[in-house]
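# Pasted the sequence and its predicted model underneath.
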Amino acid sequence: MKLVSKVTEIYCIADDFCKEYHLELNKTSLSLSNPSANSPKHRKRKGRMSDAEMITILILFHSNTFRNFKTFTISSMFCR
């Protein structure tokens, strides 16, 4: 199986998981209608990468024998 199709398969599984996870999280989480001054602050901007994209990168990193993330990133750039 080609690497690109494997990455696509991992991404699809992670994306399906994230959709279900966020659905369940929204069902059971408490809403903060009146946040107090002591509550932690949250960023107003959304991230550039989706949760599924980050999970896919972490799965690929841990499925290989790289010792650090820098080596993984550099070697991933040359595998295109």
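Arrived safely.

# other SSEs contacting the lengthiest helix in the chain?
If you go by DSSP state H, the chain has its longest helix at helix 3-28. Helix 3-28 sits against helix 51-63, with contacts defined as 3 or more Cβ pairs under 8 Å, 6 or more residues apart in numbering; DSSP states H and E. To be clear about C-beta, it is placed using only N, CA and C from the backbone, and glycine gets the same treatment.

# The helix it packs on vs helix 3-28, what angle?
Relative orientation of helix 51-63 versus helix 3-28 (axes from the mean of the first three to the mean of the last three Cα atoms, to 10 degrees): 130 degrees.

# got the contact list for the next helix or strand after helix 51-63?
Remark: after helix 51-63, the chain's next helix or strand is helix 69-77, criterion DSSP states H and E. By Cβ atoms under 8 Å, 6 or more residues apart in numbering, the surrounding residues in contact with helix 69-77 are L60, F61, N64, F66.

# Need the mean per-residue confidence for the longest helix of the chain.
The average pLDDT within helix 3-28 is 90.

# May I see the buried residues of that helix?
Using 16 or more other Cβ atoms under 10 Å as the test for burial, helix 3-28 gives I10, Y11, A14, D15, C18.

# quick check, distance from that helix to the centre of its chain.
How far helix 3-28 lies from its chain's middle: 9 Å, per Cα atoms, centre = their mean, to the nearest Å.

# now the buried residues of helix 3-28 as CSV including distance to V4?
Putting these into CSV (distance: Cβ to Cβ, whole Å) gives the following:
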residue, distance to V4
I10, 11
Y11, 11
A14, 16
D15, 16
C18, 21
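
# Pick out the most distant pair among the residues you listed.
With Cβ to Cβ as the measure, no two of the buried residues of helix 3-28 lie farther apart than I10 and C18, at 12.5 Å.

# Thanks a lot, catch you later.
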